[in-house]
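> the following block contains a protein sequence and its predicted model.
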Amino acid sequence: MPADPPPATDAEAESDPAWRAPDRLAALRAEIDRVDGLIHQLVMQRAEVVAALAELRVKRGAPFRPAREAEIMRRLLANHRGRLPKPTLVGIWREMIMGMTLIQAPFPVAVWSPEAGSGHVALAREHFGTAVPLRWMRTTAQVLRAVSAGEAAVGVLPLPQDDPNAEGAHDPWWIALMRGDGSGLSVIARLPFVTLRPEGAPRAQALVVGALAPEPSGEDRSLVAFEAAPELSRARLSDLAAAAGLKPRSLVLHRAERGPTACLAEVDGLVEARDPRLAALAEAGLARPIVIGGWPVPPPESAFAPE
C-alpha cells in the first residue's frame with residue numbers, strides 16, 4: 001500500500017485551496033448567519049413601526065396602497081445590483097409588504113375563478129403573498145358584491161376584452177362600475193406586476209378593484225368608460241376620444257342587442273373625475289363619460305433583466 005502523504009506545512013496549507021476550503025466555508029456560513037440576523041432584526045423593527053401606525057390610526061381606510069407599493073418596487077429595481085434575480089427581490093418585498101398589511105387589518109381577497117385551477121388564483125397568490133386569505137368565486141358579480149359589502153378587501157377580476165374567445169370576455173363586469181352599480185368601487189391595480197413571465201408563472205392578466213380611489217404613482221394609466229351610438233365604428237370611436245385628448249391605448253367595446261355601445265378606453269395618466277377631457281367626450285356625442293379607475297404601470301420586462 002502507498003504510504004500516507006506527509007502533513008502539509010503551514011506554507012503549503014496557505015497556498016493550497018484544498019487545505020483552506022473547510023475554514024473558508026465555515027467563515028462564509030457564519031457571515032450568512034450574521035447577515036440573516038441583521039435582516040431579521042430590521043424586518044421586526046419595520047413591523048413594530050407599522051403596528052405603531054396602526055394603533056395610532058395614522059393610516060386611514062384600506063391599508064392597501066398600490067401606488068405606494070409601485071414606487072417602492074420601482075426604486076428597488078432601479079437600485080438593485082448583484083446576482084440576485086430581480087423578480088426574486090420583488091417577491092421578497094411583496095411578501096413583506098402584505099405581511100405588514102395584515103398587521104393593520106384583515107385582508108381577504110376575492111378572486112374570480114369559474115373553474116378549479118384558474119390562473120387568476122395563482123396570479124393573486126403571487127401578488128398578495130402566502131399569508132393573505134383568498135376566496136374563490138365563480139362569477140364576477142360575486143366578486144363585486146363581496147368587495148362592496150366589505151367581505152373582501154379587494155377583488156381580482158379578468159382583464160376586459162372584447163375578443164369573444166378571450167377568458168371572461170362574455171362577462172363585462174366593468175359595465176357595473178360604469179353605471180354606478182359598483183357601490184363606490186374603482187379599479188386600483190393591474191396584475192401581474194412582474195411582467196417577465198418565466199416558465200411556470202401564471203399567464204393570466206387581471207385588474208384589482210377596491211373601495212378606494214386610485215392614487216398617483218408617477219407613471220399610471222386610467223380606464224375611461226362611455227356610451228356611443230351603435231353605428232359608430234371602433235376607428236371612429238378611437239378618433240373621437242383622441243380628439244378630446246384621451247387617445248386610447250386600447251378600446252374594449254360591448255355591443256348590446258339594443259341600445260348604445262358600452263366603451264372602455266385605456267389611456268395614459270391618472271384621469272380625475274373632473275378632468276375637462278371628459279366634458280369634451282360628452283360634447284363629441286359620447287355619453288356618460290366616467291373614470292372607473294386606474295393603476296400604476298408595471299415595469300417592463302427590460303426592468304427585470306440582469307445587470
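Thanks, I have the structure now. All values reported here derive from a predicted model rather than from experimental measurement. Numbers count the residues shown, from 1 in each chain.

> let me see the ranges of the strands in the stretch 151-300 of the chain.
Remark: strands of the stretch 151-300 of the chain, listed N- to C-terminal, are 154-158, 186-191, 206-210, 220-228, 250-255, 261-268, 287-296; assignment by DSSP state E, counting those that start in this stretch.

> now do the SS call for Gly117.
State at Gly117, reduced to three classes by DSSP: H, G, I helix; E, B strand; the rest coil: coil.

> count the neighbours of it for me.
Each residue near Gly117 was counted by other CB atoms under 10 Å, and the total is 7. C-beta: built from backbone N, CA, C; applies to glycine.

> before we move on, back to that, quick one: which of the strands of the stretch 151-300 of the chain is nearest Arg81?
Ranking those by distance to Arg81, with CB to CB as the measure, places strand 287-296 first at 23.6 Å.

> dump that closest one to CSV, restricted to CA.
Listed in CSV are the C-alpha atoms of strand 287-296, where the atom choice follows Å, rounded to 0.1, in the frame of the first residue of the first chain:
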residue,chain,number,x,y,z
ALA,A,287,-72.5,59.8,-23.5
ARG,A,288,-71.9,59.4,-19.8
PRO,A,289,-68.1,59.5,-19.7
ILE,A,290,-66.7,58.4,-16.4
VAL,A,291,-63.4,57.3,-14.9
ILE,A,292,-63.8,53.8,-13.4
GLY,A,293,-60.2,53.6,-12.1
GLY,A,294,-56.5,53.5,-12.8
TRP,A,295,-53.3,51.7,-11.8
PRO,A,296,-49.6,52.1,-11.6
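
> comparing the strands of the stretch 151-300 of the chain, which comes out most buried?
Compared across the strands of the stretch 151-300 of the chain, strand 154-158 shows the largest average neighbour count, a mean of 26 (mean count of other CB atoms under 10 Å).

> what's the angle from it to strand 186-191?
Orientation check (axes from the mean of the first three to the mean of the last three CA atoms, to 10 degrees): strand 154-158 against strand 186-191 gives 60 degrees.

> now for strand 154-158, which elements pack on it?
Using 3 or more CB pairs under 8 Å, 6 or more residues apart in numbering; DSSP states H and E as the contact criterion, the elements in contact with strand 154-158 are strand 109-112, helix 119-128, helix 140-148, strand 186-191, strand 206-210.

> quick check: pLDDT value at Asp16.
Predicted confidence (pLDDT) for Asp16: 54.

> where does this protein dip in pLDDT?
Within the chain, the ranges that satisfy pLDDT under 70 run 1-20, 57-62, 163-170, 182.

> rerun at 50
Low-confidence segments of the chain, defined by pLDDT under 50, are located at 8, 12-13, 19.

> my read is that Ala67 contacts Val297, right?
No. Under the contact definition of CB atoms under 8 Å, Ala67 does not touch Val297, with a separation of 10.7 Å.
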